[in-house]
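Student: for reference, the sequence and a predicted model appear below.
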Amino acid sequence: MIGDEHAYVLVRDWLGESRPIDRDRSLAALARRYLAGHGPAGERDLAKWAGLPLRDARRGLIAIASALDVRADGLVDLAGRSAAEPLPPPRLLGAYEPLLMGWTSREPFVGRNESLVSSNGLFRPFALVRGRAAATWSLRSGRVVLDPFGRLSRDDVAALERDAKDVVRFLGIS
């Protein structure tokens with residue numbers, strides 16, 4: 001910012017000339033980093049998430065093939081990766097939550113409720129309970145209002161209500 005105005009600069013003017021990048025090494029590094037955060041996944045998931053053509057996603061995965069475990073369902077993951085962390089407690093997640101981005105199918109997270117969470121490229125805020133979308137939520141009159149997809153346990157509702165208080169406090173609307 002310069003005063004109240006946005007200022008723009010060319011990247012090369014700010015950071016200097018870039019070094020040439022080896023495309024195959026870059027695709028391999030991207031595939032490895034993607035799987036570290038999103039594995040197990042498929043080649044189409046990587047392509048969608050990275051905005052790459054499928055051929056490039058495949059090239060990246062092929063380049064690290066010796067470091068992969070191929071699962072029976074066709075998904076791949078980094079070999080020797082530690083067991084998954086325990087599921088997080090119930091949480092309110094915002095619109096365009098990264099958890100839902102870059103998958104060819106969101107079914108593992110939203111089940112049959114995808115149309116309630118995502119419609120025409122718009123993503124609504126939702127509640128995650130035991131790793132799955134369990135409700136959408138909105139702010140009405142300064143309060144978080146849940147619209148559950150089904151019955152929620154008392155403990156889950158209590159956890160989401162605690163999270164709702166934090167959302168309201170964070171937004172400064174309490």
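Tutor: Done, it's in.
Student: switch to C-alpha atoms for all contacts and neighbour counts from now on
Tutor: Noted.
Student: what does the pLDDT read for Ser174?
Tutor: On pLDDT, Ser174 comes in at 65.
Student: quick one: end-to-end distance for stretch 56-73.
Tutor: Using Cα to Cα, to the nearest Å, one end of stretch 56-73 lies 22 Å from the other.
Student: so how far is that stretch from its chain's centroid?
Tutor: Distance, stretch centre to chain centre, for stretch 56-73: 21 Å (Cα atoms, centre = their mean, to the nearest Å).
Student: quick check, Arg25 in a strand?
Tutor: No: membership of Arg25 in a strand is not supported by DSSP: H, G, I helix; E, B strand; the rest coil, which gives helix.
Student: need the contact list for it.
Tutor: Contacts of Arg25 were listed using Cα atoms under 8 Å, 6 or more residues apart in numbering, and they are 60, 63.
Student: gap between it and Val117?
Tutor: Arg25 is 37 Å from Val117, by Cα to Cα.
Student: got it, and Arg55?
Tutor: Arg55 is 30 Å from Val117, by Cα to Cα.
Student: more neighbours: which of those two?
Tutor: The residue with more neighbours, out of Arg55 and Val117, is Val117; 21 against 12, by other Cα atoms under 10 Å.
Student: that one against Leu128, yeah?
Tutor: No: with contact defined as Cα atoms under 8 Å, Val117 does not reach Leu128; the gap is 11.3 Å.
Student: which stretches of the chain form helices?
Tutor: 11-15, 23-38, 43-50, 54-63, 107-110, 114-117, 154-171 (DSSP state H).
Student: JSON lines for those helices, including distance to Leu92 and mean pLDDT?
Tutor: What follows is the helices of the chain, written out as JSON lines (distance: least, Cα to Cα, whole Å; pLDDT from 0 to 100):
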{"stretch": "helix 11-15", "distance to Leu92": "37", "mean pLDDT": "89"}
{"stretch": "helix 23-38", "distance to Leu92": "20", "mean pLDDT": "94"}
{"stretch": "helix 43-50", "distance to Leu92": "23", "mean pLDDT": "94"}
{"stretch": "helix 54-63", "distance to Leu92": "32", "mean pLDDT": "97"}
{"stretch": "helix 107-110", "distance to Leu92": "14", "mean pLDDT": "79"}
{"stretch": "helix 114-117", "distance to Leu92": "13", "mean pLDDT": "80"}
{"stretch": "helix 154-171", "distance to Leu92": "6", "mean pLDDT": "95"}
